[in-house]
Every structure is written in C-alpha cells, then in structure tokens.
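> Give the three-dimensional model of this entry:
(chains A and B)
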Amino acid sequence: KQEVTQIPAALSVPEGENLVLNCSFTDSAIYNLQWFRQDPGKGLTSLLLIQSSQREQTSGRLNASLDKSSGRSTLYIAASQPGDSATYLCAVRQSGATNKLIFGTGTLLAVQP
Amino acid sequence: EPEVTQTPSHQVTQMGQEVILRCVPISNHLYFYWYRQILGQKVEFLVSFYNNEISEKSEIFDDQFSVERPDGSNFTLKIRSTKLEDSAMYFCASRAGGGETQYFGPGTRLLVL
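Model prediction:
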C-alpha cells in the first residue's frame, strides 16, 4: 500500500532564503506526482506536476524534482517571500488503472518578513 | 482562469440528516473527484466519476454516499445519513480528458452535530 510522507512537518525561514521541501513515497510504481499549496481553510492550488518519466519541472521560483527509483521528490523554493507561507502537499498517482491521488502529510511553511 | 467552484462553503447539520454538497467542475473537463480532509489529517480520496459512472471508490465511500452529475455542469456528493465522523472539509476536483493535473475547488466545510 502506497504511503506518502513529507518532512519536515513544519518549517520557518526568514524572507529571501532558498528552501527545500521533501516528499517520500514507498511504492515507486507511480504515474505522476503533483505538488499543491493549501492556504488555511482554503482549497488546494496545483503548483507543479511531474510525470514519472521526468526528472524535474520548473515554474517561476519553484522547481520540483523526482527520483522515482528512490521514492523521493523535492520542491525547491527560491528567494522565499512571506506570501509563500502555506501548507505544501505532495500527492502521487499510482501506475495502472487508477487516477486517484494519494496525499502526503504536508509541510507547514512560514516565511518570516 | 477557469476554476472549480463549490457550494455551500460551510454547512452545519444534525446527525442522521442528509446533506448534498455541490460542485461545478471546470467546463469541458471529463473526470470528476471527491476528496475529504478531516481536521489535522491527510487529504483522502473518496470517489472518481467518468462518463456518468463511478470509475473508482475508496473504502470510505460506503452505501451512505452517492454521487451524481444531474446536468451538464453540476457534480454532487450526497451523504444520506450523516455521522459525527463525516465532519470534514470536502473537496471536489476535475481533470481534462487529455490532461493529468487535477484542479481542486475551495472546499465545503461540513460540521455534523
């Protein structure tokens, strides 16, 4: 059974720092991996999606990497801003006849001005 | 930019009552999903819907739950007889036929008393 874990559970950094969020999954037979942002009491905003055949995806200050064989993905945020403060979730879609997402536990990020 | 919408944003109900949560997926999307997030826990998959039928469901999605696409725009989740443990944030999501990204709505916070 796929288990998705995110470390750290919470992170506080000063504005301007570069930071890395980690996502681990136990079953490497994934179809893709998606990173989301969740603001308090709000919905999920899709940030990046990486297909299983890809190594990384970039969008603005965000860069997501995927190492399927080791069951890891990282989300790199460059030059962090207070507006980046939110919970970041990763989710995997397994290979095969399924399209459900299996979510991680989330990392709560606080960027201090 | 098109987005998934959900109504109501909050709903309070008495145990044993029926509730219907409504979603308007992004126009022209073909795959529809419901997820839920109990306070402090992971986002978890409930059901996926394609071509007017359930394509996949989780163990959570028992006989008390049902989904429907009553017209060309709405997608609903019905809970027939709510329990205290149904209290959660319920998210609707949709995906385009040729795409991989699932787009989430803002959620409905359901409180069962």
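> CA atoms for contacts and neighbours, from now on please.
Fine.
> How about the contacts made by B:Gln41?
A:Thr105 (C-alpha atoms under 8 Å, 6 or more residues apart in numbering or on different chains).
> so who does the closest residue to chain A within chain B touch?
Among the residues of chain B, B:Pro106 lies closest to chain A, at 3.8 Å counting by C-alpha to the nearest C-alpha. Residues in contact with B:Pro106, defined by C-alpha under 8 Å, 6+ apart, are A:Lys42, A:Gly43, A:Leu44, B:Val4, B:Thr5, B:Gln6, B:Ser9, B:Phe91.
> what about residue 21, neighbour count?
All of this refers to chain A. 23 (other C-alpha atoms under 10 Å in any protein chain shown).
> think we crossed wires, I meant chain B
There are 23 residues near B:Leu21, going by other C-alpha under 10 Å.
> same check, this time on B:Glu1
Residues near B:Glu1, counting by other C-alpha under 10 Å: 3.
> Retrieve the pLDDT associated with it.
Model confidence at B:Glu1, given as pLDDT, is 76.
> Check A:Ser95 too.
89.
> what does the one 10 residues further on give?
Confidence at A:Thr105, expressed as pLDDT, is 91.
> you'd agree it is up against A:Val4?
Yes. Checked against C-alpha atoms under 8 Å, the pair A:Thr105 and A:Val4 is within contact range at 7.2 Å.
> List the contacts of the residue nearest to A:Pro113 when sequence neighbours are not counted.
Spatial nearest neighbour of A:Pro113, excluding adjacent residues (C-alpha to C-alpha, 6 or more residues apart in numbering or on different chains): A:Glu15 at 5.2 Å. For A:Glu15, the contacting residues are A:Ala79, A:Ser80, A:Gln81, A:Pro82, A:Val111, A:Gln112, A:Pro113, by C-alpha under 8 Å, 6+ apart.
> least trustworthy position among the contacts of B:Pro106, going by pLDDT?
For the contacts of B:Pro106, the pLDDT minimum is A:Lys42, 81.
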